[in-house]
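Student: predicted model follows, preceded by the sequence.
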Amino acid sequence: MAEARSAVGEPIVPELDEDEASSYLAALKEFRRSTIRRFFRTRNQIKNGMWPTSWWNLGVTVALVSMVIVSDLDIFKCINRRLWAFGEYFYISNTPQYLYVKVVILSWLFGIFFFIIVLYVRRYLLRLLLAYKGWLYEPPAKQSWITLLWGACMRLVTGSSPSTYSCQQSLPRMPVPCLRATIRKFMKSIKPLVSQEEYDQFKKEGLEFEQKVAPKLQNFLHLKSWWSQNYVTDWWEKYVYLMNRSPVHINCNYYGLDNFKWKPTTFQCARAGAITHMIMCFKRILEREQLPAMRIRNTISVCMSQYERAFGTTRVPGEEIDELVQAHSSQSKHIIVLRKGIYYKVDMMDKEGQLLSPKAMEGIMEWIIKDADTHQDSETAKAGEHIASLTGLKRADWAKIRQEHLLEGVNKETLEKVEKAAFMVNLETISPEDIEQRSNYMLGGSGSSFWFDKSISLCFFADARYGFNAEHSWADAPVVAHIQEYCMTEEVLGDLYTEDGHCKDVPGVTQSSYKMPTMLIWEVNNQLSIHIERAMTFVTENNSDLDLRVRIHEVYGKGFMKKSKISPDAYVQVALQLAYYKDAKKFALTYEASMTRLYRMGRTETVRSLTPESCAFVKAMVEDNRSDEEKARLLHEAAKVHVQLYKDAMSGRGVDRHMFALYVLSKGFNQESDFLHHALTMPWTLSTSQTPQQQMSSSPRLDYANRDKVCPGGGFGPVSDQGYGISYMFPEDSMLFFHVSSKKSCPLTDSQRMQDNIFQALADMKQLLENVEKSKT
């Protein structure tokens, strides 16, 4: 291995120029860059600490105090006298030549004092205002006078132009829901699923839990909600993600795609160069905190904490618990590019500290392809070709292999480069024929085409299509979707490519010299080779068992749903209930993800989409024993209840995170509860999610004319081996995308059949609403 490493290492390591060879100049440049980084980091910390006030507010406060000190107005005499009395403690003469010095000192001293008071008053007042969620339950056109007054107060108190993390200290803590309300909502959600005998047993266990065990646990949760940033997020991340010993491949990771049909170039290297450059631009904007904080209706702040771990983050396996490790921004200025099983380290900065341009990156990608073609048959290349498959093993197995074989010598050096990379890129040799094949590859890969532990991995196909695979524990899908939307918006609106499809130079930027990629080496002994072969077999079998179907629904979209006065999300959720009942002849416990980022450190809450109201509609449709008007009424009622549940989840009044936190405490206090155990072990047969979009105000409006440029969204694997994972997206008013996954090994599920049932349910519901509308005319 050593001889092979030397043979392939020499041609690809560039010589240093004279400036770089000088340790003095290199040290001076690094000192300059680190000083600039520290300056901007300190400036951002001060700015965030001052928000919702600003430097301008400080200047005004100091000026007002100065005016009070020198004023002779009667209204200020009392304050003026006390300020001057305090000034006597400075032992500064009151002679004219020192008078102005004393005025300046007093003005700044008391100006800063009153400014701090104003800062905290505004911050806590804003936190109090943001705790109000009445606006969420009222349509914008029909708001109550309380909400209108609240909105006016918000505009008065809220600071202007918050940076990425400015709003964090002003966000309210997520409240602990009422225990009785949580149990009541849970009981209602399971009523359509269990027999009367089982329901009575749940009711008995719930009452016993509420009276005996729950009060102590609930009190502790209240205490935790006061001193922690979020009463459940840290436990959710630890116990649901990091302590889960199942493989992250398919079970945890999710994927996303690029444009539906449109693509700006046919050259793989050009698109890879442009996208990697833009993601690094997003990383730089994020690090400088120049990314505008997300605000609903340009007023209500949402938590941005998940963005902090977007780049340079790796889920490091452990035998009992994994760990999220993030490299410092100064150590994650490179990416790893994978081509034909060969890993390359690509520094994304030139010697002057500028980002490599899209054109430069295109050239680097072309160089990597040629170099990989040259070395693909070498012993060195073949040794590590499938090593990424280890990340698809069960976590404990992968942790042991990593500890035994990858933490010494050359493998340790290579692994550090991989884990500290900002993100990973795969330059594939294949071109999937359609969107469904692309989706299957983006979720499972070839078995070794993704380092599944990395926060973000990109894959560029030979035909210039691309997508991403993301690890889930560090953040939820909206964060990665935001990064993807940024890139796609720049491609559509920006002028990135020449007419023949190659990358353009960045106007006004002169690219300095930069290093060429470095091939990374893996030393694979016989034992490690056996592990890799076993891992490839394991991951490939899991890929083969995945039944993922992706289809576009073009008959109608959210435009018709809104015209029918039904929330599009609620409409689809009810359609999924109807489709599953047709598929399985029974109802299923259904999970829909909702965000709780209206609170500090919020992540998600579960919307229990199966309700007695949706069941009543489904039965009316299947049994066909009601009039169309009655069916339509049941549909509207089911949608109304779903919207209420969704808003409750966003407001921190959901069921599942509260019960999960209670369960964690019951284990910690060694107070077992049959109610919590039975409640939390019910399988989520249907796991559903709507893909977020339009998170940027600069994103172009999507309509029928631009439908080829829309994003089809992405998907994930089934949560239950006997169920379905369903992701859907409303890219514009006339179309929907559905990503449906299941396991081929389960005889009860079939993703194609489920897709057919979804489309039939949507057709039946449209026909129903149209019939009712016709009967009115």
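Tutor: Arrived safely.

Student: what stretches of the protein score poorly on pLDDT?
Tutor: In the predicted model, the chain carries pLDDT under 70 at residues 1-34, 36-37, 87-99, 704-705.

Student: let's see it at 80
Tutor: By pLDDT under 80, the low-scoring segments of the chain are 1-51, 55, 68-103, 159-161, 380, 697-706, 777.

Student: give the contact list for Ala372.
Tutor: Arg339, Lys340, Ile342, Tyr344, Ala381, Leu427 (C-beta atoms under 8 Å, 6 or more residues apart in numbering). Placement of C-beta: from N, CA and C, glycine included.

Student: switch to 10 Å and redo it
Tutor: Val337, Leu338, Arg339, Lys340, Gly341, Ile342, Tyr343, Tyr344, Ala381, Leu427, Thr429, Met519 (C-beta atoms under 10 Å, 6 or more residues apart in numbering).

Student: would you check which pair of these lies furthest apart?
Tutor: Using C-beta to C-beta, the two most remote members of the contacts of Ala372 are Thr429 and Met519, lying 17.7 Å apart.

Student: so for these two, which sits in the more crowded spot?
Tutor: Between Thr429 and Met519, counted using other C-beta atoms under 10 Å, Met519 has the larger neighbour count: 22 against 12.

Student: measure the more buried one to Arg43 for me?
Tutor: 40 Å (C-beta to C-beta, to the nearest Å).

Student: can you list phi and psi of the nearest residue to Glu352 once chain neighbours are set aside for me?
Tutor: Leaving aside its sequence neighbours, Glu352 sits nearest to Ser512 (C-beta to C-beta, 6 or more residues apart in numbering; 4.2 Å). Dihedral angles of Ser512 (phi, psi; degrees, to the nearest 10) stand at phi -80, psi 180.

Student: neighbours of Ser512, how many?
Tutor: 12.

Student: same deal with Lys412?
Tutor: As a burial measure, Lys412 scores 12 neighbours (other C-beta under 10 Å).

Student: residue contacts, it?
Tutor: Contacts here follow C-beta under 10 Å, 6+ apart; on that basis Lys412 touches His405, Leu406.

Student: in the one helix or strand it maps to, what counts as buried?
Tutor: Under the criterion of DSSP states H and E, Lys412 resides in helix 409-420. Using 16 or more other C-beta atoms under 10 Å as the test for burial, helix 409-420 gives Asn411, Thr414, Leu415, Lys417, Val418, Glu419, Lys420.

Student: output those residues in CSV; the columns should cover distance to Leu106.
Tutor: Formatted as CSV, the buried residues of helix 409-420 follow (distance: C-beta to C-beta, whole Å):
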residue, distance to Leu106
Asn411, 65
Thr414, 62
Leu415, 60
Lys417, 57
Val418, 58
Glu419, 55
Lys420, 51
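
Student: closest to Thr611 among those residues?
Tutor: Proximity of these to Thr611 (C-beta to C-beta) peaks at Glu419, which lies at 44.3 Å.

Student: that closest one and Thr313: what is the separation?
Tutor: To Thr313, Glu419 is 9 Å away according to C-beta to C-beta.

Student: what do you get for Tyr728?
Tutor: 28 Å.

Student: can you check Ile69 too?
Tutor: 52 Å.

Student: with just CA atoms, put stretch 126-137 into PDB.
Tutor: What follows is stretch 126-137, C-alpha atoms only, in PDB (Å, rounded to 0.1, in the frame of the first residue of the first chain):
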ATOM      1  CA  LEU A 126     -41.000  40.800  22.500                       C
ATOM      2  CA  ARG A 127     -40.700  37.300  24.100                       C
ATOM      3  CA  LEU A 128     -44.100  37.900  25.800                       C
ATOM      4  CA  LEU A 129     -45.700  39.000  22.600                       C
ATOM      5  CA  LEU A 130     -44.300  36.100  20.600                       C
ATOM      6  CA  ALA A 131     -45.800  33.700  23.100                       C
ATOM      7  CA  TYR A 132     -49.200  34.800  21.800                       C
ATOM      8  CA  LYS A 133     -50.400  32.400  19.200                       C
ATOM      9  CA  GLY A 134     -53.900  33.700  18.500                       C
ATOM     10  CA  TRP A 135     -52.800  35.000  15.100                       C
ATOM     11  CA  LEU A 136     -52.100  31.500  14.000                       C
ATOM     12  CA  TYR A 137     -55.800  30.500  14.500                       C
END
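
Student: which parts of that stretch are buried?
Tutor: Within stretch 126-137, the residues that count as buried by 16+ other C-beta under 10 Å are Leu126, Arg127, Leu129, Leu130, Ala131, Tyr132, Lys133, Trp135.

Student: ok, which pair from those is furthest apart?
Tutor: Pairwise distances across the buried residues of stretch 126-137 (C-beta to C-beta) peak at 15.7 Å, for the pair Arg127 and Trp135.

Student: next SSE after the top helix by length along the chain?
Tutor: Counting residues, the longest helix found in the chain (DSSP state H) is helix 96-130. For helix 96-130, the succeeding helix or strand toward the C-terminus, using DSSP H and E, is helix 145-157.

Student: what's near enough to touch Pro247?
Tutor: By C-beta under 10 Å, 6+ apart, the residues touching Pro247 are 253, 391-395, 397-398, 452, 535, 538-539, 542.

Student: what's the helix or strand for it?
Tutor: Here Pro247 is assigned to no helix or strand, by DSSP H and E.

Student: any idea how far it is from Asn253?
Tutor: According to C-beta to C-beta, Pro247 and Asn253 sit 9 Å apart.

Student: find the residues that touch each one of those two.
Tutor: Common neighbours of Pro247 and Asn253, using C-beta under 10 Å, 6+ apart, are Thr391, Gly392, Phe452.

Student: the last one falls within a helix, correct?
Tutor: No - residue state for Phe452 (DSSP: H, G, I helix; E, B strand; the rest coil) corresponds to coil; a helix is not indicated.

Student: contact partners for the closest residue to it other than its chain neighbours?
Tutor: Of all residues not flanking Phe452 in the chain, Thr391 sits nearest, at 4.2 Å (C-beta to C-beta, 6+ apart). Thr391 sits next to 247-249, 253, 314-315, 317, 398, 402, 418, 448, 450-454, 471, 535, 539 when contact means C-beta under 10 Å, 6+ apart.

Student: check Val68 too.
Tutor: By C-beta under 10 Å, 6+ apart, the residues touching Val68 are Ile75, Phe76, Lys77, Ile79, Asn80, Leu83, Leu106, Ser107, Phe110.

Student: same thing but at 7 Å, please
Tutor: Phe76, Ile79, Asn80 (C-beta atoms under 7 Å, 6 or more residues apart in numbering).

Student: the last one belongs to a strand?
Tutor: What it means is Asn80. No - under the criterion used here (three-state DSSP), Asn80 is helix, not part of a strand.

Student: let me know whether it touches Ile69 as I believe.
Tutor: Yes - using C-beta atoms under 7 Å, Asn80 is in contact with Ile69, at 6.3 Å.

Student: and the helices in the stretch 251-400 of the chain?
Tutor: For the stretch 251-400 of the chain, the helices defined by DSSP state H, counting those that start in this stretch occupy 268-287, 358-375, 379-383, 395-405.
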